[in-house]
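Enquirer: Need coordinates for the following:
(one chain, ligands or ions: 1)
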Amino acid sequence: MTSSAERRLGDRIAREIFRDPDYMDDPVLAEYVQGIWQPLLAAARARGDLSSELDERFAWEIMLGRDRTVNAFALPGGYLGVHLGLIAIVSSRDELASVLGHELSHVTQRHISRLIAKQNQQTPWMVGAMILGALAASKNADAGNALIVGGQAVAAQNQLNFSRDMEREADRVGFGVMTQAGFDGQGFVSMFDKLQQASRLNDNGAYPYLRSHPLTTERIADMRSRQPLAARGPVDAAPALEHVMVAARARVLSNPGVDALRALLVEADGAKLATLAAPRQVAALYGAALAASRLREFSAAKAYLDRLTVLVRSDARAARLSRLLEAEMALAAGDAARAAVVLNAAAGPANAGGEGAAVRRPELFLAAQVAAQTGQRDRAGDVAQRLQSWIAAHPRDAQAWQLLSGAYAVQGQTLRAIRADAEAQVAFMDYGAALDRFKAAQELIRQGRAGAAAADHIDASIIDTRQRQVELLFKEQTLDR
Ligand SMILES: [Zn+2]
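Expert: Okay, the predicted model is just below:
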């Protein structure tokens with residue numbers, strides 16, 4: 001299978017995943033995962049594992065799923081799926097890097113295209129449907145069953161499993177990639193230990209990753225033998241506060257039921273909490289603050305947050321996450337003014353994160369929500385400008401386009417709002433939905449209801465151009481079927 005055919009198949013699958021209600025683009029979690037993923041990609045390039053042809057042709061995009069089962073999977077065309085359940089159980093960046101490095105290597109070593117080539121009696125459409133069916137089957141049983149057509153998907157999953165040789169190769173290459181990227185190779189071993197424990201304790205479907213990546217004693221022994229002698233044995237370094245907060249966030253977002261949220265409050269309320277190590281306290285308080293906010297118990301949420309703030313104040317990365325949480329909670333409580341104050345304080349010179357004034361996605365997106373909630377035109381204008389420069393560097397960021405659309409709407413710039421909304425659909429590869437929006441914008445112009453400002457002429461011509469370009473993409477997509 002050629003790389004461009006594989007990319008088209010990947011696009012088809014990704015488009016379905018974007019439509020899945022479990023797909024989520026949480027800016028805090030996504031940024032954390034990107035902070036691991038981008039160094040892995042750079043290392044794979046430097047090592048020559050990632051050819052420039054594949055680098056250019058594939059998407060190299062990570063899609064997060066709300067699912068609380070532990071899973072990560074490589075898809076055709078350089079897309080990777082990561083369940084929040086995996087982020088919730090890893091103890092360090094290194095462990096997450098070991099899984100992502102392994103999955104990345106399945107793609108760079110062309111394991112996926114080899115598997116698909118074996119299905120040569122099937123059309124790409126069938127292979128895509130099989131992969132989607134297998135994904136649905138690997139999710140929580142109740143959610144997945146509706147999507148499975150008979151027993152076909154499970155059979156398909158078995159056909160599409162990687163061979164033992166492929167697993168070994170993905171371990172070997174993945175280990176090289178993650179250590180070259182600066183992660184601790186010990187993360188591979190502790191991740192294997194974690195999976196091994198899980199496979200002994202339960203087989204209740206919470207670990208679909210184990211089904212697709214059976215752990216063999218050989219795989220474990222191989223990874224152990226790669227560790228430098230000095231590093232062998234249990235790692236006793238305390239987990240990073242930033243990491244435990246991200247894991248706690250994944251736990252809350254993947255388990256939004258009232259009972260689960262209540263359990264997190266109980267955890268943080270117990271007298272025992274103060275006796276635990278700092279990372280455990282930080283994780284419990286972050287989880288409780290976010291859970292209470294989700295339960296709309298805002299004064300309780302604030303109390304947890306205040307306790308959290310004290311614990312993390314000397315750790316710049318952790319303190320940043322607690323400020324982001326404070327702004328998020330203020331927005332949820334309808335207090336956009338408070339959220340703006342928190343965000344402004346964070347942007348000031350007092351922010352000793354060492355990352356300077358670089359635009360960061362979580363901050364930018366919260367600022368956009370503040371503008372939308374207050375409905376203040378000048379604030380929306382400022383945020384629209386910042387979103388535009390973000391999009392110039394990240395044109396496929398659908399959520400950024402959606403927020404930009406909202407910022408234009410606040411300013412009464414209807415044409416631009418519709419166009420940005422259309423571009424969000426393009427980013428999701430839903431070209432039909434994008435065309436509907438372009439046509440709506442053109443209709444507004446025809447009726448002379450889009451305003452007569454000079455800028456509108458430019459906007460109108462941009463809309464016409466984009467409409468024609470997307471029309472072509474839509475035709476290609478239809479032919480592909
Ligand atoms: Zn694998």
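
Enquirer: ok, Met178 touching Asp94?
Expert: Yes: assessed by Cβ atoms under 8 Å, Met178 is found in contact with Asp94 at 7.5 Å. Placement of C-beta: from N, CA and C, glycine included.

Enquirer: and for these two, which residues touch both?
Expert: Residues touching both Met178 and Asp94 by Cβ atoms under 8 Å, 6 or more residues apart in numbering: Gly185, Gly187, Phe188.

Enquirer: Show me what the helix or strand harbouring the last one is packed up against.
Expert: Counting by DSSP states H and E, the element that carries Phe188 is helix 186-201. Counting contacts by 3 or more Cβ pairs under 8 Å, 6 or more residues apart in numbering; DSSP states H and E, helix 186-201 packs against helix 93-108, helix 164-180, helix 208-212, helix 217-226.

Enquirer: repeat that with 6 Å
Expert: Of the remaining helices and strands, those touching helix 186-201 by 3 or more Cβ pairs under 6 Å, 6 or more residues apart in numbering; DSSP states H and E are helix 93-108, helix 217-226.

Enquirer: Contact residues of this structure facing the ion?
Expert: Glu167, Ala170, His213 (Cβ under 5 Å from the ion).

Enquirer: now with 6 Å?
Expert: Near the ion, the residues belonging to the chain are His102, His106, Phe162, Glu167, Ala170, His213 when assessed by Cβ under 6 Å from the ion.

Enquirer: Met178 and Asp94: which has the busier surroundings?
Expert: Met178 (30 against 24; other Cβ atoms under 10 Å).

Enquirer: Verify the contact between the more buried one and Gly101 for me.
Expert: Yes: taking contacts as Cβ atoms under 6 Å, Met178 lies within contact range of Gly101: 3.8 Å.

Enquirer: Compute the first-to-last residue distance for stretch 201-217.
Expert: Terminal residues of stretch 201-217 are spaced 17 Å apart (Cα to Cα, to the nearest Å).

Enquirer: can you give me how far that stretch is from the chain middle?
Expert: Taking Cα atoms, centre = their mean, to the nearest Å, one finds the center of stretch 201-217 at 22 Å from the center of the full chain.

Enquirer: which of the residues in that stretch are buried?
Expert: Ala206, Tyr207, Pro208, Tyr209, Leu210, Arg211, Ser212, His213, Leu215 (16 or more other Cβ atoms under 10 Å).

Enquirer: ok, so what distance separates the fifth one from Ser52?
Expert: In other words, Leu210. 35 Å (Cβ to Cβ, to the nearest Å).

Enquirer: Next, the buried residues of the longest helix anywhere in the chain.
Expert: As assigned by DSSP state H, the longest helix anywhere in the chain is helix 454-480. Going by neighbour count (16+ other Cβ under 10 Å), the buried part of helix 454-480 is Asp456, Asp459, Ala460, Ile463, Arg466, Gln467, Val470, Phe474, Gln477.

Enquirer: repeat for stretch 298-316
Expert: For stretch 298-316, burial by neighbour count (16+ other Cβ under 10 Å) applies to 298, 300-305, 307-309, 311-312, 315.

Enquirer: Specify which member of those is nearest to the ion.
Expert: Asp315 (34.1 Å; Cβ to the ion).

Enquirer: From Glu169, how far out is His102?
Expert: 10 Å.

Enquirer: again, but for Val252
Expert: Val252 is 36 Å from Glu169, by Cβ to Cβ.

Enquirer: what's the answer for Asn71, then?
Expert: 21 Å.

Enquirer: Of the two, give the one with the bigger neighbour count.
Expert: Asn71 (25 against 17).

Enquirer: my guess is the more buried one contacts Tyr207, does it?
Expert: No: if you go by Cβ under 6 Å, Asn71 and Tyr207 don't touch, sitting 7.7 Å apart.

Enquirer: rewinding a little: could the buried residues of stretch 298-316 go into a markdown table alongside secondary structure, distance to Asp430 and pLDDT?
Expert: Formatted as a markdown table, the buried residues of stretch 298-316 follow (DSSP: H, G, I helix; E, B strand; the rest coil; distance: Cβ to Cβ, whole Å; pLDDT from 0 to 100):
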| residue | secondary structure | distance to Asp430 | pLDDT |
| --- | --- | --- | --- |
| Phe298 | helix | 36 | 97 |
| Ala300 | helix | 40 | 97 |
| Ala301 | helix | 35 | 98 |
| Lys302 | helix | 39 | 97 |
| Ala303 | helix | 43 | 97 |
| Tyr304 | helix | 39 | 98 |
| Leu305 | helix | 37 | 98 |
| Arg307 | helix | 43 | 97 |
| Leu308 | helix | 39 | 98 |
| Thr309 | helix | 41 | 97 |
| Leu311 | helix | 43 | 96 |
| Val312 | helix | 40 | 97 |
| Asp315 | coil | 41 | 96 |
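
Enquirer: With adjacent residues omitted, what lies nearest to Ala424?
Expert: Computed as Cβ to Cβ, 6 or more residues apart in numbering, the closest residue to Ala424 that is not its neighbour in sequence is Trp401, at 3.8 Å.

Enquirer: Gly128 now?
Expert: Setting aside the residues directly before and after it, Gly128 is nearest to Arg12 in space (Cβ to Cβ, 6+ apart), at 4.9 Å.

Enquirer: and if you look at Arg114?
Expert: Leaving aside its sequence neighbours, Arg114 sits nearest to Met166 (Cβ to Cβ, 6+ apart; 7.8 Å).

Enquirer: low pLDDT regions in the chain?
Expert: 119-122, 124, 137-160, 202-205, 229-237, 348-358, 449-455, 481 (pLDDT under 70).

Enquirer: At which residues are the strands of it located?
Expert: 23-24, 61-65, 72-74, 79-83 (DSSP state E).

Enquirer: Make TSV from those strands and add mean neighbour count to it.
Expert: Compiled in TSV, the strands of the chain are given as follows (neighbours: other Cβ atoms under 10 Å):
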stretch	mean neighbour count
strand 23-24	16
strand 61-65	20
strand 72-74	22
strand 79-83	23
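
Enquirer: which one of those lies closest to Ala392?
Expert: Set against Ala392 and scored by Cβ to Cβ, the strands of the chain come closest in strand 61-65, at 18.3 Å.

Enquirer: Run through who's touching the closest one.
Expert: Ile17, Asp22, Met24, Val33, Trp37, Tyr79, Leu80, Gly81, Val82, His83 (Cβ atoms under 6 Å, 6 or more residues apart in numbering).

Enquirer: how about the helices in the stretch 351-481 of the chain?
Expert: 361-374, 377-393, 398-410, 414-427, 431-446, 454-480 (DSSP state H, counting those that start in this stretch).
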